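J.: kindly generate the corresponding structure for this input.
(one chain, ligands or ions: 2)
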Amino acid sequence: MKQVLVTGAGGQLARCLQKMPQDSEVRFTFVNKATMDITDPISIRRILDNTEFDYCINCAAYTDVETAEKSPKKAFEVNAEGVRNLAGSCESRAITLIHISTDYVFDGEKEGPYLATDIPNPINEYGKSKLLGEEYIKRLMTRYFIIRTSWLYSEFGSNFYTKIRDKAEKGETLYITDEQIGCPTDANNLAQYLRKIISGGSEDYGIYHFTDGVPMSWYQWAINIVNDMALDASSLVVRHSNYRTFAARPRNSVLKTQDQG
Ligand SMILES: NC(=O)C1=CN([C@@H]2O[C@H](COP(=O)(O)OP(=O)(O)OC[C@H]3O[C@@H](n4cnc5c(N)ncnc54)[C@H](OP(=O)(O)O)[C@@H]3O)[C@@H](O)[C@H]2O)C=CC1
Ligand SMILES: Cc1cn([C@H]2C[C@H](O)[C@@H](COP(=O)(O)OP(=O)(O)O[C@H]3O[C@@H](C)C(=O)[C@@H](O)[C@H]3O)O2)c(=O)[nH]c1=O
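T.: Numbering: from 1, shown residues only. Ligands and ions are numbered 1, 2, ... in the order given. Reported below is the predicted structural model:
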């Protein structure tokens, strides 16, 4: 039986892990921010000293890309310093850390999909904070998996899919950018992939990419979502080529999936 700690239990990926059927191979313990705040080393210690965990899946993160751009401090506290706390604590207890990172570590200037070995160069504060988190893990740990993924969606929380679905249900016209391409990824599929890493017992530590593998623009994705709702995308979804946001996003953030770096 493998003991697995999952942080950030209130978030969408953790909730996807939580809803997976349990088996006798893996026992998950879910901790939310109130129980274990990764920016607070004492609360980390309290949880890790209580049970001998084999793995920690870090789903805790600051994911508000727009707010991170306006005031980056919190994003760096959680995505970089919090991850450093967790990395140090896991390493000293021989816990394998499975950490989730993002396509936004890349600048988007590459033609073609990004490999896990490509050099990151984030263009927004969220991406910079996530990259620093990766760097702390590489510096402090020997047993880790950094899984970069992109454009996560699920039935849980607020994500591009739920935002578009809710607006379309109200009959609102959707103005959607066609300026960026990436791979939407069902967080439930990522949850299954993470679980396979654990049940397979792999020791091929390093950086990996995981997505659902179908590149498209946000505009194309919005059309697909609306069509799947059996609504008329041609009247509801309007292509926008200059959609203003505070944070820059990579033009191309397609990740070559299951690629190791
Ligand atoms: N969403 C996406 O499109 C993508 C996400 N990722 C990465 O995947 C991972 C999971 O993302 P996702 O589930 O969507 O994110 P969510 O924002 O849904 O969940 C993150 C969770 O972490 C919690 N949290 C925030 N700060 C802390 C803290 N200091 N200590 C403990 N918990 C904290 C949040 O709580 P609260 O809400 O109360 O602050 C929230 O419950 C993240 O690492 C993210 O960077 C990568 C690519 C795409
Ligand atoms: C809601 C909306 C967004 N957009 C644009 C803005 C932006 O360029 C793009 C995506 O918008 P969002 O703000 O929903 O998504 P964003 O927060 O950029 O999503 C990112 O989240 C982080 C956590 C990640 O790690 C990334 O992989 C990615 O999923 O679509 C529109 O054009 N129209 C709209 O109505």
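J.: show me where the stretch 1-150 of the chain has helices.
T.: Per DSSP state H, counting those that start in this stretch, the stretch 1-150 of the chain carries helices over the ranges 12-19, 41-48, 65-70, 73-76, 83-92, 125-140.
J.: now render those as JSON lines, adding mean pLDDT, distance to ligand 2 and mean neighbour count.
T.: Every residue, glycine included, has its C-beta placed from N, CA and C. Output for the helices of the stretch 1-150 of the chain, formatted as JSON lines (pLDDT from 0 to 100; distance: least, Cβ to the nearest ligand atom, whole Å; neighbours: other Cβ atoms under 10 Å):
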{"stretch": "helix 12-19", "mean pLDDT": "98", "distance to ligand 2": "10", "mean neighbour count": "21"}
{"stretch": "helix 41-48", "mean pLDDT": "97", "distance to ligand 2": "23", "mean neighbour count": "16"}
{"stretch": "helix 65-70", "mean pLDDT": "98", "distance to ligand 2": "4", "mean neighbour count": "16"}
{"stretch": "helix 73-76", "mean pLDDT": "98", "distance to ligand 2": "10", "mean neighbour count": "18"}
{"stretch": "helix 83-92", "mean pLDDT": "98", "distance to ligand 2": "14", "mean neighbour count": "21"}
{"stretch": "helix 125-140", "mean pLDDT": "98", "distance to ligand 2": "6", "mean neighbour count": "22"}
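J.: these: which one's closest to residue 238?
T.: Across these, residue 238 has its closest neighbour in helix 65-70 (21.0 Å, Cβ to Cβ).
J.: what is the neighbour count of residue 179?
T.: Residue 179 has 16 neighbouring residues, counting by other Cβ atoms under 10 Å.
J.: measure it to residue 156 for me?
T.: Noted for residue 179: a distance of 27 Å to residue 156, by Cβ to Cβ, to the nearest Å.
J.: next one: residue 7
T.: Counting by Cβ to Cβ, the gap from residue 7 to residue 156 is 16 Å.
J.: okay, those two: which has more neighbours?
T.: Taking other Cβ under 10 Å, residue 7 and residue 156 do not tie; residue 7 has more neighbours (26 against 19).
J.: surely that one touches residue 53?
T.: No - with contact defined as Cβ atoms under 8 Å, residue 7 does not count as touching residue 53 (11.0 Å).
J.: near ligand 1, which residues of the stretch 101-250 of the chain are found?
T.: Residues of the stretch 101-250 of the chain found near ligand 1 (Cβ under 6 Å from any ligand atom) are 102, 130, 149, 150, 151, 152, 157, 159.
J.: quick check: PyMOL command selecting the buried ones in those.
T.: Paste this into PyMOL to select the buried members of these, with burial taken from 16 or more other Cβ atoms under 10 Å:
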select buried, resi 102+130+149+150+151+152+159
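J.: lowest pLDDT pick from the residues of the stretch 101-250 of the chain next to ligand 1?
T.: pLDDT across these is lowest for residue 157, at 91.
J.: fine, thanks again, bye for now.
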